[in-house]
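K.L.:
only geometry, no sequence info:
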């Protein structure tokens with residue numbers, strides 16, 4: 001028999017997806033505002049379509065290969081959940097890009113139409129959040145129904161998380177290399193593009209970056225955290241004595257209550273007109289509604305008090321990480337970096353690095369306290385509850401983030417700090433899920449194998465970060481060479497054909513640069529697990545989670561401080577104040593953009609991919625594979 005909660009998930013997911021489709025067509029009927037030149041929109045659409053076509057084709061081939069591998073070595077049920085997660089992520093990536101493209105056509109740029117701009121941005125952003133949350137609700141409804149029918153086991157949900165996180169990794173890696181490397185090489189150098197398209201391409205580069213990074217990338221990234229959180233709660237609930245028989249009901253409650261709380265919170269954001277990038281009151285309202293629902297539900301559970309306390313800790317931890325990121329981008333640290341630019345580029349760079357390093361303190365201490373308290377209250381199962389409570393309200397955070405990226409163009413986007421907070425909590429939850437699967441209570445850190453695996457895990461995020469930074473340089477250089485107007489084959493070429501070449505060369509370059517980081521993320525856990533054992537794999541995962549979280553916080557907040565300094569400089573210049581040497585701020589902004597927009601989100605995805613892969617490898621080790 002199908003429970004009432006599962007009916008709500010399935011029917012609710014389908015119903016809200018229909019609402020999304022109908023609202024999208026309604027949005028399409030709005031007249032185009034003409035705020036962004038049609039040439040710029042056409043260039044951006046042409047390039048993104050060519051890029052997405054090639055990227056999705058490559059991802060589909062990889063997903064089919066992994067489906068057969070998982071089905072052959074583990075179970076076809078896990079392979080099926082992997083495909084479900086991957087296809088759902090591709091759908092999200094495709095439709096969020098379409099929403100962003102159609103919204104750009106209808107956003108007026110004039111100040112006198114600011115209210116209309118806010119209204120359209122509010123509707124489009126809400127549509128994006130509703131799409132991701134509805135698809136997550138529907139997918140979880142299918143998975144939980146399959147669990148009830150014994151078509152799946154709890155471990156098979158890790159395949160769902162792997163499918164989502166792999167697409168997230170691919171979209172961040174290839175998308176950011178594409179936007180920050182390949183496109184920048186053309187847009188910043190007018191002589192390397194046809195004269196007729198050079199101005200449009202310079203503006204289109206920013207549209208491409210915003211759509212790939214702040215819409216599709218963030219949407220798939222938060223969806224990956226959602227899937228990872230659901231897998232962590234399921235695995236810890238099934239393998240932990242504290243989970244008991246209530247974990248499935250609790251998961252259903254968090255999904256349904258989180259969805260409802262997000263919708264109500266975002267409606268409140270609409271009432272407060274102009275309340276855009278501040279995540280405070282709408283998110284606090286959603287948190288309060290969610291905690292109230294958990295509290296009322298947990299009254300009949302043996303550990304009801306602990307459950308809602310752990311949920312509250314998860315929500316507070318995520319907000320603390322996001323709040324710290326916002327502070328370093330918008331407040332005194334960014335002003336300090338701006339002031340340091342008056343003495344030259346070197347001091348500006350040093351000040352930005354210092355801000356990024358300092359910014360790791362509050363998030364890490366908060367995570368330490370949260371992990372300790374959650375474990376005291378509910379053990380390993382508590383981490384699954386805490387991270388799922390945070391991920392269940394991803395809808396409102398995603399909507400507010402997309403609304404900000406549409407309207408507040410001059411601000412450094414909050415989306416990267418948002419993904420950082422969700423990813424950090426989800427990574428730690430997956431770390432505990434690994435120990436739940438393996439049944440490991442204690443690891444001897446004095447063992448040479450554990451020390452070696454810890455050091456190897458700590459190295460991987462830094463090494464992959466270096467690969468990404470180098471990829472941006474190589475992609476830019478390769479694009480400049482292949483599209484140089486000095487080559488005979490480029491002379492006299494039609495503009496449409498030239499734009500097709502832009503999409504082709506940049507997509508191929510970004511997909512090629514994506515290969516090595518992907519192989520490292522997917523290949524290292526099985527290699528360490530099969531060669532060095534399950535304890536060593538736990539040590540590897542611990543090193544990856546620790547260094548990945550710290551490095552990502554440093555890059556997100558330090559990069560944001562450089563970007564914030566550039567914004568403060570521009571504001572001072574508009575007000576007639578002393579703005580200093582603009583070239584100094586541009587250098588800092590370039591470094592900050594590379595770290596915050598390009599590298600940091602990728603590191604978050606790498607950590608989650610490696611954590612999910614480790615959980616799957618743990619299943620193989622328990623089966624006696626090799």
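P.N.:
Yes, it's here. Since this is a predicted model, take the numbers as computed values, not measurements.
K.L.:
only C-alpha atoms for contact and neighbour calcs from this point on.
P.N.:
Will do.
K.L.:
so where do the strands sit in this protein?
P.N.:
Assigned by DSSP state E, the chain shows no strands.
K.L.:
now tell me which helix or strand of it has the poorest mean pLDDT.
P.N.:
helix 183-187 (a mean of 53; mean pLDDT, DSSP states H and E).
K.L.:
tell me who's in contact with residue 172.
P.N.:
213, 217, 598, 601-602, 605 (C-alpha atoms under 8 Å, 6 or more residues apart in numbering).
K.L.:
let me fix that: residue 10
P.N.:
137-138, 141-142.
K.L.:
for the residues you listed, give me CSV that also has pLDDT.
P.N.:
Listed next are the contacts of residue 10 as CSV, based on pLDDT from 0 to 100:
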residue, pLDDT
137, 89
138, 90
141, 86
142, 88
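K.L.:
so, low pLDDT: which residues of the stretch 151-300 of the chain?
P.N.:
Residue ranges of the stretch 151-300 of the chain with pLDDT under 70: 174-202, 241-245, 269-280.
K.L.:
circling back: neighbour-wise, give me the winner out of the contacts of residue 172.
P.N.:
Within the contacts of residue 172, residue 217 tops the neighbour count with 32 neighbours, counted by other C-alpha atoms under 10 Å.
K.L.:
how close does it sit to residue 93?
P.N.:
7 Å (C-alpha to C-alpha, to the nearest Å).
K.L.:
and the helices in the stretch 351-500 of the chain?
P.N.:
Secondary structure of the stretch 351-500 of the chain (DSSP state H, counting those that start in this stretch): helices at 361-378, 380-391, 394-407, 415-438, 448-482, 495-532.
K.L.:
among these, which is nearest residue 268?
P.N.:
helix 394-407 (10.6 Å; C-alpha to C-alpha).
K.L.:
run a quick neighbour tally on residue 622.
P.N.:
Around residue 622 there are 11 residues (other C-alpha under 10 Å).
K.L.:
next: residue 26.
P.N.:
By other C-alpha under 10 Å, neighbour count at residue 26 equals 10.
K.L.:
related to what we said a few turns ago, winner for burial among the helices of the stretch 351-500 of the chain?
P.N.:
A comparison of the helices of the stretch 351-500 of the chain by mean neighbour count, using mean count of other C-alpha atoms under 10 Å, puts helix 380-391 on top with a mean of 32.
K.L.:
enumerate every residue touching residue 162.
P.N.:
82, 85, 228, 609, 612-613.
K.L.:
between those residues, which is closest to residue 169?
P.N.:
Nearest member of the contacts of residue 162 to residue 169, counting by C-alpha to C-alpha, is residue 609, at 7.7 Å.
K.L.:
list the contacts of the residue lying closest to that closest one once chain neighbours are set aside.
P.N.:
Closest residue to residue 609 apart from its sequence neighbours, by C-alpha to C-alpha, 6 or more residues apart in numbering: residue 165 at 5.6 Å. Residue 165 makes contact with 221, 224-225, 228, 605, 608-609, according to C-alpha under 8 Å, 6+ apart.
K.L.:
could you rerun that using 10 Å?
P.N.:
Listed by C-alpha atoms under 10 Å, 6 or more residues apart in numbering, the contact set of residue 165 reads 82, 85-86, 89, 159, 171, 220-228, 604-610, 612.
K.L.:
in helices, which of these appear?
P.N.:
82, 85-86, 89, 159, 171, 220-228, 604-610, 612 (DSSP state H).
K.L.:
which residue is nearest the centroid of this protein?
P.N.:
residue 221 (2.5 Å; C-alpha atoms, centre = their mean).
K.L.:
my guess is that one contacts residue 421. True?
P.N.:
No: using C-alpha atoms under 10 Å, residue 221 makes no contact with residue 421, being 11.4 Å away.
K.L.:
anything in contact with each of those two?
P.N.:
residue 604.
K.L.:
since we're on residue 69, how many residues are nearby?
P.N.:
14.
K.L.:
could you do residue 115 as well?
P.N.:
13.
K.L.:
ok, of the contacts of residue 165, which come out buried?
P.N.:
In those, burial by neighbour count holds for 82, 85-86, 89, 159, 171, 220-228, 604-610, 612, counting by 16 or more other C-alpha atoms under 10 Å.
K.L.:
ok, back up a step: any idea how far the residue nearest to residue 609 is from residue 459?
P.N.:
21 Å.
K.L.:
show me the contacts of residue 172 that map onto helices.
P.N.:
601-602, 605.
K.L.:
which one of these sits closest to residue 251?
P.N.:
Looking across these and measuring by C-alpha to C-alpha, the closest to residue 251 is residue 605, at 23.2 Å.
K.L.:
wait, that closest one touches residue 465, no?
P.N.:
No: here residue 605 lies out of contact with residue 465, judged by C-alpha under 10 Å, at a distance of 11.7 Å.
K.L.:
what do those two both touch?
P.N.:
In contact with both residue 605 and residue 465: residue 548, using C-alpha under 10 Å, 6+ apart.
K.L.:
ok, now which ones touch the closest residue in space to residue 159 that isn't next to it in sequence?
P.N.:
Using C-alpha to C-alpha, 6+ apart and skipping residues adjacent in sequence, the residue nearest residue 159 is residue 82, 4.3 Å away. Each residue near residue 82 by C-alpha under 10 Å, 6+ apart is listed here: 63-64, 66-67, 70-71, 76, 88, 156-166.
K.L.:
from those residues, keep the buried residues only.
P.N.:
For the contacts of residue 82, buried by 16+ other C-alpha under 10 Å: 63, 66-67, 70, 76, 88, 156-166.
K.L.:
tell me which of those fall in helices.
P.N.:
Per DSSP H, the subset of those in helices is 63, 66-67, 70, 76, 88, 157-166.
K.L.:
got the angle between the biggest helix by length in the chain and helix 448-482?
P.N.:
Longest helix in the chain, counting residues (DSSP H): helix 534-574. For helix 534-574 against helix 448-482, the angle by axes from the mean of the first three to the mean of the last three C-alpha atoms, to 10 degrees is 40 degrees.
K.L.:
much appreciated, bye for now.
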